[in-house]
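[1] generate coordinates for the sequence data below:
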Amino acid sequence: MTEADLISLFNDKGVFCGSEFIVNRAYCGDFLQASKSAGFAVIGIEGFYLLKDGSLKPNLDEIADFSDIEDVNNFGEYIEACFKAANRFVVNMNSNGESDGYCFTLTDLES
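    Down below sits the predicted model:
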């Protein structure tokens with residue numbers, strides 16, 4: 001599965017902002033699971049507000065970077081470690097965050 005294929009599964013659960021896809025807050029957990037199942041590591045997350053005029057505004061207080069995760073032996077372990085970190089972030093944002101949606105940075109290649 002390509003990243004475009006993955007995003008197409010969520011077309012009705014988010015919005016595009018240029019070339020970036022913003023997943024609606026309610027579907028972020030599902031997107032994380034689908035990303036992991038498709039063999040992608042989530043290495044970053046950025047929050048966005050959806051404004052009344054339909055535009056998006058970045059929420060600079062809700063950004064996470066997982067690209068520096070270490071102590072893994074292979075890419076499968078890296079995907080799992082990134083998934084756990086991203087899931088903790090999303091669970092916390094669902095409870096305490098203010099963003100309406102999140103953009104996910106994915107990789108399917110070993111660094």
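[2] where does the prediction get shaky in this protein?
    110-111 (pLDDT under 70).
[3] at 50 instead, please
    111 (pLDDT under 50).
[4] quick one, strands of it?
    Taking DSSP state E as the criterion, the chain contains strands spanning 14-17, 20-24, 41-50, 56-65, 101-107.
[5] what sits against the residue nearest to residue 108 when sequence neighbours are not counted?
    Closest residue in space to residue 108, ignoring its immediate chain neighbours: residue 40 at 5.1 Å, by CB to CB, 6 or more residues apart in numbering. (C-beta placed from N, C-alpha, C; glycine too.) Residues in contact with residue 40 (CB atoms under 8 Å, 6 or more residues apart in numbering) are 3, 6, 79, 106, 107, 108.
[6] was I right to think the fifth one contacts residue 39?
    Read it as residue 107. No. Residue 107 lies out of contact with residue 39 (CB atoms under 8 Å); the separation is 10.0 Å.
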